[in-house]
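> Model the following, please.
(2 chains)
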Amino acid sequence: MKQHSDKALQFLKDEPRADWHDQTLWIVRQKRDKAARSVADWEKLRHQASQVKDHVLSNLDQYLIQFEKQAVANGAIVHWAEDADEFNHIILDIIKDKSASRVVKSKSMLTEECGLNPFLEKNGVEIVDTDLGERIIQFRKEAPSHIVLPAIHLKKEEIGELFHEKLGTEEGNSDPTYLTSAARAHLREKFLSAEIALTGANFAVAETGTVVVCTNEGNADMGVHSARVQVHCMGIEKIIPRTQDLGVFTRLLARNAIGQPITTYTSHYRKPKPGGEMHIVIVDNGRSARLGNATYRNSLKCIRCGGCMNTCPVFRRSGGHSYGYVIPGPIGAILAPCTDIKKHKDLPFASSLCGSCSNVCPVEIDITNQLYRWRQEISEKKLFPPLKRYVLKVAGFAFSKGSIYDFSGKMARLALRILPRAIVYHRINTWGWERELPAVPSESFKEWYKKNSQKEGGQK
Amino acid sequence: MSRDKILQRLKKNAPASGSLPVYAAKTDLLSKELLLSSFKENLAVSGGKWIELDRREDISSAISENYPMVADVTKQDVWEEYSPSCSKEKLASLDTLMIEGQVGVAENGAIWLDESNFPNRLSPFIAKNLIIVLDIARITNNMHEAYQQIKMEDTGFGVFISGPSKTADIEQSLVYGAHGPVSLLVVLIRMTSL
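Coordinates of the predicted model:
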């Protein structure tokens, strides 16, 4: 199977596109910084958010029971799904029960995680993604490459071509305003005829049984209020205890995600519309088991803002598809091995461990530490490729013995000076494929320090 | 049953509990004028426009030129026309909807409304233009204060709206009117002297 680095290499072959991707996400990161600085007590907010999430993880069973009780009292129907398969069947059963064939869906990473769309299509149900970016990638039969900006890997010319083929827009016209208005007309029709509307959930408030969904487009509301039946899909970790806690999260989310002070719409769904029906599907799919793992349980605090992706130097230069998991980027590199360590053993290494992701995380997840822990675990389980294992074994031996380390350093400096280029930049030296080694110094730091500390009378 | 299995696992795997944060009742003491200017500024960032009037009676003359087709649901007969039973097609042809907002938020230009403010849940999302009338005295500092004023348990559906529907999914180019309103106008009224 192709590794992250292989797919990143592929992504980087189109240099102008890779540069555009890198710079565009960096602009989003800068907008995020500006928005964060506009809030005087930003760091306090992050800490409060983290505190709320920690508290919830410790009492999740109680809060879920409270949430369910309130939601039922509000007139909603609550379902529980142990895994992806049960979730998909619950949704299919709701659709069949209503004899419905027209289903719209606003953004939900959970449904991506569970593979809902392919499952429904296999069962003959047409499901239309209504977020513009998601509709684009649905037309292309692709996965989102970013959890907040699903079509960020595409150029407008490609979308123009796609819409010409799918929606009959003018050939060669790739003006974003023109293309958006074509999508508006197309999706308006889907909204008006929808029988069932699915949404994800950003937050679920235990004390009032409220599901909160944030969008800029208003597509969640267009679907929910247009269709008779509304279905909200949430992972168990979306719970927050009180309405007042929403104050913290709604201040953080959009600022950290895209540098906006708030999303255009922050919708609070509590009761079905007159004559309507409201379902809430609560999904575990491995989360409760992860709660028992002290090392990685922190990742359950994630509010899916995508901030760690925008700031990550590896994500920006490799693109979301290179990760091969539904949630890409630094947080995805923690979540993916939780689901299948063998399949995703490369992801914790798709990081420079620079720490930027941990610094921007709105709920203070120690992403870098968790990536580091994964690397150790993957090494202990001997999941490295044989060459890397051998090299690390040799390096580990040299690093643990001072004299051998000094000697190998000397040899390496000598070798790099006299060996022909073809031998140093050999196929095995993967590091040297795209990079030049720095100029070889004449002495090691240890030698330099010994000489200079004596000269200046410093301590040894 | 999946429900019980999940709850049991959560109980078994729960780490030791910490306490919930206690939020300050009032975060900052800003003057009403400062809140107003901050609200306007942030609303503009989100693509919303505003006008300021002294009296509610002046609204229709102030907006009639730009919004001749306004459906003012603060009037009882218009409210009934757009009741929950009215057809989606009728709602889809709504040119301009005018509704009352409850709470404004200075830090982000958002306004809280719930279903007591519109006759039909779909209406504020499907109208081509949206006008929200807001009492200047109801502008609060931030989301913490806004949530303190909202009675969540009294409503079936409520929403913060901070601008027209928008998207930047095509190469990050900002376009208004992704699905619903292409414009948002907030009519700020000084009902009480500040």
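
> which helix of the chain spans the most residues?
Picking chain A for this. Longest helix in chain A by number of residues, with DSSP state H as the criterion: helix A:15-37.

> that's the other chain; I wanted chain B
helix B:32-45.

> Also compute the angle for the helix or strand following that helix relative to helix B:32-45, please.
Scanning forward in sequence from helix B:32-45 by DSSP states H and E, the next helix or strand is strand B:49-53. Relative orientation of strand B:49-53 and helix B:32-45, computed by axes from the mean of the first three to the mean of the last three C-alpha atoms, to 10 degrees: 150 degrees.

> Partner strands of strand B:49-53, with direction?
Strand B:49-53 has the following strand partners under DSSP bridges: strand B:183-189 (parallel).

> Any buried residues in the strand it pairs with, and which?
B:Ser183, B:Leu184, B:Leu185, B:Val186, B:Val187, B:Leu188, B:Ile189 (16 or more other C-beta atoms under 10 Å in any protein chain shown). To be clear about C-beta, it is placed using only N, CA and C from the backbone, and glycine gets the same treatment.

> quick one, strands of chain B?
B:49-53, B:70-72, B:96-100, B:103-105, B:110-114, B:129-135, B:139-140, B:157-161, B:166-167, B:175-176, B:183-189 (DSSP state E).

> Of all these, which one is nearest A:Val28?
With C-beta to C-beta as the criterion, A:Val28 lies closest to strand B:166-167 of these, at 14.6 Å.

> quick check, the host helix or strand of A:Val211 touching chain B?
Using DSSP H and E, the element containing A:Val211 is strand A:210-215. Yes: judged by C-beta under 8 Å from any C-beta of the partner chain, strand A:210-215 and chain B are in contact via A:Thr210.

> hmm, who's touching the helix or strand of chain A with the lowest mean pLDDT?
Ranked by mean pLDDT, DSSP states H and E, the helix or strand of chain A with the weakest confidence is helix A:421-424, at a mean of 81. If you take C-beta atoms under 8 Å, 6 or more residues apart in numbering or on different chains as the criterion, helix A:421-424 is touched by A:Ala415, A:Leu416, A:Gly432, A:Leu437.

> Run the chain-centre distance for that helix.
The chain centroid and the centroid of helix A:421-424 are separated by 40 Å under C-alpha atoms, centre = their mean, to the nearest Å.

> next one: stretch A:246-265
For stretch A:246-265, the distance to the chain centre is 17 Å (C-alpha atoms, centre = their mean).

> now swap in stretch A:182-195 and tell me
28 Å.

> and if you look at stretch A:301-321?
On the basis of C-alpha atoms, centre = their mean, stretch A:301-321 sits 6 Å off its chain's mean C-alpha point.

> For that stretch, buried residues please.
A:301-312, A:314-321.

> In helices only, show me the residues you listed.
A:Gly307, A:Cys308, A:Met309, A:Asn310, A:Thr311, A:Val314, A:Phe315, A:Arg316.

> just those residues now: which is nearest chain B?
Taking C-beta to the nearest C-beta as the measure, chain B lies nearest A:Asn310 of those, at 11.6 Å.

> For chain B, give me the ranges with low pLDDT.
Residue ranges of chain B with pLDDT under 70: B:26-29, B:192-194.

> Hmm, A:Ser318 is touching A:Lys7, no?
Yes: taking contacts as C-beta atoms under 8 Å, A:Ser318 lies within contact range of A:Lys7: 7.2 Å.

> list the contacts for A:Arg37?
Per C-beta under 8 Å, 6+ apart, neighbours of A:Arg37: none.

> how close does it sit to chain B?
Per C-beta to the nearest C-beta, to the nearest Å, A:Arg37 is found 13 Å from chain B.

> pLDDT wise, what is that residue at?
What the model reports for A:Arg37 is a pLDDT of 96.

> Nearest residue to the middle of chain A?
Centroid check for chain A by C-alpha atoms, centre = their mean gives A:Ile327 as the closest residue, at 3.8 Å.

> Just confirm it is within a strand.
No: using DSSP: H, G, I helix; E, B strand; the rest coil, the secondary structure at A:Ile327 is coil, not a strand.

> Skipping adjacent residues, who's closest to it in space?
Of all residues not flanking A:Ile327 in the chain, A:Leu335 sits nearest, at 5.4 Å (C-beta to C-beta, 6 or more residues apart in numbering or on different chains).

> Please apply the same query to A:Gly172.
A:Gly160 (7.0 Å).

> picking that back up, dump the residue contacts of the residue nearest to the centre of chain A.
Here A:Ile327 is in contact with A:Met109, A:Glu113, A:Ile147, A:Arg304, A:Leu335, A:Ala336 (criterion: C-beta under 8 Å, 6+ apart).

> Would you mind confirming that the fifth one makes contact with A:Ser299?
Yes: under the criterion of C-beta under 8 Å, A:Leu335 is in contact with A:Ser299, at a separation of 5.8 Å.

> Those two: who's more crowded?
A:Leu335 (24 against 21; other C-beta atoms under 10 Å in any protein chain shown).

> Surely the residue nearest to A:Gly172 is in contact with A:Thr177?
No: with contacts counted by C-beta under 8 Å, A:Gly160 stays clear of A:Thr177, the gap being 12.0 Å.

> for the residue nearest to A:Gly172, what are its contacts?
Counted by C-beta under 8 Å, 6+ apart, A:Gly160 has contacts A:Thr169, A:Gly172, A:Asn173, A:Ser174, A:Asp175, A:Leu179.

> go with 7 Å
A:Gly172, A:Asn173, A:Ser174, A:Leu179 (C-beta atoms under 7 Å, 6 or more residues apart in numbering or on different chains).

> Including secondary structure, could these go into CSV?
Shown next, in CSV, are the contacts of A:Gly160 (three-state DSSP):
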residue, secondary structure
A:Gly172, coil
A:Asn173, coil
A:Ser174, coil
A:Leu179, helix
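
> By neighbour count, which of those wins?
That'd be A:Leu179 among these, by other C-beta under 10 Å, with 27 neighbours.

> ok so, going back, okay, the angle between the longest helix of chain A and helix B:32-45?
Interaxial angle of helix A:15-37 relative to helix B:32-45 (the same axes, to 10 degrees): 170 degrees.

> before we move on, back to that, ok, so of the contacts of A:Ile327, who is nearest chain B?
Of the contacts of A:Ile327, the one sitting nearest to chain B (C-beta to the nearest C-beta) turns out to be A:Ile147, at 13.1 Å.

> For the closest one, give me the pLDDT.
A:Ile147 is assigned a predicted lDDT (pLDDT) of 97.
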